[in-house]
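Engineer: Provided below are the primary sequence and the corresponding predicted coordinates.
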Amino acid sequence: EAGVAQSPRYKIIEKRQSVAFWCNPISGHATLYWYQQILGQGPKLLIQFQNNGVVDDSQLPKDRFSAERLKGVDSTLKIQPAKLEDSAVYLCASSLGGWTGGSYEQYFGPGTRLTVT
Amino acid sequence: KQEVTQIPAALSVPEGENLVLNCSFTDSAIYNLQWFRQDPGKGLTSLLLIQSSQREQTSGRLNASLDKSSGRSTLYIAASQPGDSATYLCAVRDNYGQNFVFGPGTRLSVLP
């Protein structure tokens, strides 16, 4: 079974520019998560989707971050404009279950390392 | 608000030793707890998932225990190998299934 795919793997931008990350979850997984992992810290949940609806976006800085999951499959996470403190690894994960039950076990993609200069 | 801590932050052991990594959480109303491994520059690999009704899970040389009432989990690694060198993270999901909180991780080095 194919894992969670993410692209790009690396991105370097200047502050105030915009950037977008893409995630393709494991086929059939209803729930998709975006995490931000700053160097030396554990991942922090930014947003959680179940199918194409948002379950939790309480830690998403909505003034500059946006995310969507069209058709309940692929997802994109956008930052506009980027700040220096957005430098981090952005991880996407998916799980089979969600609010309606099923396994919550999460499977992670390789991440996108963002450097803002 | 759930907070997860992990001790120690870093650990270096000689090959062959048995070792224990610790994870503590402040709110015992959890749905499950998951242990992950993260290699440098890579994503997270799930090692073990313990449901709140379970006390432990085992996979090969790994054994994870859960004591909900005391807010603790341990990951036991038997007969450590250099290939076990990585950062180990624990994460807890609350009873509502929404909030998934990670600890900061323990960086393990197993020396040949």
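Structural biologist: Arrived safely, thanks for sending.

Engineer: does B:Gly83 sit in a helix, a strand or a coil?
Structural biologist: Three-state call for B:Gly83 (DSSP: H, G, I helix; E, B strand; the rest coil): helix.

Engineer: could you list every residue that touches it?
Structural biologist: Neighbouring residues of B:Gly83 by Cβ atoms under 8 Å, 6 or more residues apart in numbering or on different chains: B:Val110. C-betas here are computed from N, CA, C, even on glycine.

Engineer: Excluding residues flanking it in the chain, which one is nearest A:Leu32?
Structural biologist: Distance criterion Cβ to Cβ, 6 or more residues apart in numbering or on different chains; nearest residue to A:Leu32, sequence neighbours excluded, is A:Phe49 at 4.6 Å.

Engineer: how about stretch A:60-78 against chain B, any contact?
Structural biologist: No: Stretch A:60-78 lies apart from chain B when judged by Cβ under 8 Å from any Cβ of the partner chain; the minimum separation is 13.5 Å.

Engineer: Now do the end-to-end distance for that stretch.
Structural biologist: 11 Å (Cα to Cα, to the nearest Å).

Engineer: for that stretch, what is the average pLDDT?
Structural biologist: The average pLDDT within stretch A:60-78 is 94.

Engineer: what sits against the residue in chain A that chain B sits nearest to?
Structural biologist: Residue of chain A nearest chain B, by Cβ to the nearest Cβ: A:Gly42 (3.3 Å). Going by Cβ under 8 Å, 6+ apart, A:Gly42 touches B:Val4, B:Leu89, B:Ala91, B:Phe102, B:Gly103, B:Pro104, B:Gly105.
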